[in-house]
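**Q** Following is a predicted model, sequence given first.
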Amino acid sequence: MQIDHLRQRLRALGAKPLHEQRVLRDWIQAQPHDQGRRRAEDFLPLPVREALPALDLELQGMLKLLSTHPGADGSARLLVGLHDGQTVESVLLPRDGLCVSSQVGCAVGCQFCMTGRDGLIRQVTSGEIVAQVVLARSLRPVKKVVFMGMGEPAHNLNNVMEAIELLGIEGNIGHKNLVFSTVGDPRAFERLPQGRVKPALALSLHTTKPALREQLLPRAPRLTPQELVDFGESYARLTGYPVQYQWTLMEGVNDGEDEMDGIVALLQGKYAVLNMIPYNTIDDLPFQRPSWEKARAIAAALHARGVLTKLRDSAGQDVEGGCGQLRAREAKGKQGKIIPIRAGV
């Protein structure tokens, strides 16, 4: 289900914009229809009220929680089943955050990322994206949503932007607490400034070397690191939110002094934060996770050179930290083989 289709159905029942907002707000905030200043029976048209029980059941059945895997850090990885039998993952993050998936699979094919090995299976609809938030809110408060799970949000732009608009307007989530994460796509940079809700932006950088970026992200748009930062800086100045540059730190790949010099040259003086995340080692991939001590020293050195750097770890490392590993286990049980998926949130 797409949000626009849901709106059309409500309008066909005689709902006005305020009625649509009420029904959608009740759903996305996971609250009953009899809450609020005006009771549903005093506010909504009769045909809408009569349709609500069936509609509520349909919305609740859009996806289901298959398993929950809590981590010691306060996170919890959720394996979520979609109506057609496909699965995605959502991650409850510490401090009332949620990471959602925007695609089943991925077409970008990052060499250090497992999700895209089987390519794109299908898009996640705007309704299914919002339903991940609704499901999470039935478990704990959600005040921040990051689009950093399975998939490339820029490749599902209409559904993602429709979900972001609803989350930012009826979902009671601050616009800067909606984070659109992308490898960098000109279509996204054109679309994001036009949105009624302008989310914060996270850009997957990973290297300052154009040739290495093409090698690591073989099917990403051919933007150089400098072009990526230029797009990011323009959006940051427009919105007033610093861009979050993501750097998956891999031993012997992008952890050298030359890369650190390149980061300083690219980001010094920019309205930006560098999120450095040590790689989640996966057995059949040739990349290794550096020691935490080395990662800490790199982050401290960059910070001292004028680049605001935050050293982060993927949520739920003790429950298979790479995003999608729960999906792989579930697929292995069904098919006798692992479906490779993405490393790291």
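**A** Sure, I can see it. Remember, predicted model here, so these are calculated numbers, not experimental data.
**Q** which ones are touching the nearest residue to Leu78 once chain neighbours are set aside?
**A** Of all residues beyond its chain neighbours, the one nearest Leu78 is Ser90 (4.6 Å), with distances taken as Cβ to Cβ, 6 or more residues apart in numbering. Where C-beta positions appear, they are placed from N, C-alpha and C, glycine not excepted. By Cβ atoms under 8 Å, 6 or more residues apart in numbering, Ser90 lies in contact with 77-78, 80, 98-101, 132, 135-136, 149.
**Q** same deal with Glu20?
**A** 7, 10-11.
**Q** and if we set it to 6 Å?
**A** By Cβ atoms under 6 Å, 6 or more residues apart in numbering, the contact list for Glu20 reads 7, 10.
**Q** mind checking how far the residue nearest to Leu78 is from Ala297?
**A** From Ser90 over to Ala297 the distance is 33 Å, taken as Cβ to Cβ, to the nearest Å.
**Q** any idea how far Gln60 lies from Ala30?
**A** Counting by Cβ to Cβ, the gap from Gln60 to Ala30 is 10 Å.
**Q** Next up, identify which helix or strand the residue nearest to Leu78 is on.
**A** strand 87-93 (DSSP states H and E).
**Q** in stretch 127-146, what counts as buried?
**A** If you call a residue buried by 16 or more other Cβ atoms under 10 Å, then stretch 127-146 has these buried ones: 127-137, 142, 144-146.
**Q** what distance separates it from the centre of its chain?
**A** Stretch 127-146 sits 12 Å away from the centroid of its parent chain (Cα atoms, centre = their mean, to the nearest Å).
**Q** next one: stretch 28-40
**A** Relative to the centre of its chain, stretch 28-40 is centred 28 Å away, using Cα atoms, centre = their mean.
**Q** which outside residues touch it?
**A** Taking Cβ under 6 Å, 6+ apart as the rule, stretch 28-40 contacts 26, 130, 134, 137-138, 170-171.
**Q** what's the span of it, first residue to last?
**A** Chord length of stretch 28-40, first to last residue, is 16 Å (Cα to Cα, to the nearest Å).
**Q** And stretch 29-39, by the same measure?
**A** 16 Å.
**Q** What residues sit buried inside that stretch?
**A** By neighbour count with 16+ other Cβ under 10 Å, stretch 29-39 contains the buried residues 29, 33.
**Q** how much space between Pro278 and Leu57?
**A** Using Cβ to Cβ, we find Pro278 at a distance of 44 Å from Leu57.
**Q** now do Arg38
**A** Applying Cβ to Cβ, the value for Arg38 to Leu57 is 24 Å.
**Q** for Arg137, same thing?
**A** Separation of Arg137 from Leu57 (Cβ to Cβ): 18 Å.
**Q** Name the nearest residue to the residue nearest the centre of the chain, ignoring sequence neighbours.
**A** The chain has Phe147 as the residue nearest its centroid, 1.3 Å off, counting by Cα atoms, centre = their mean. Setting aside the residues directly before and after it, Phe147 is nearest to Pro153 in space (Cβ to Cβ, 6+ apart), at 4.6 Å.
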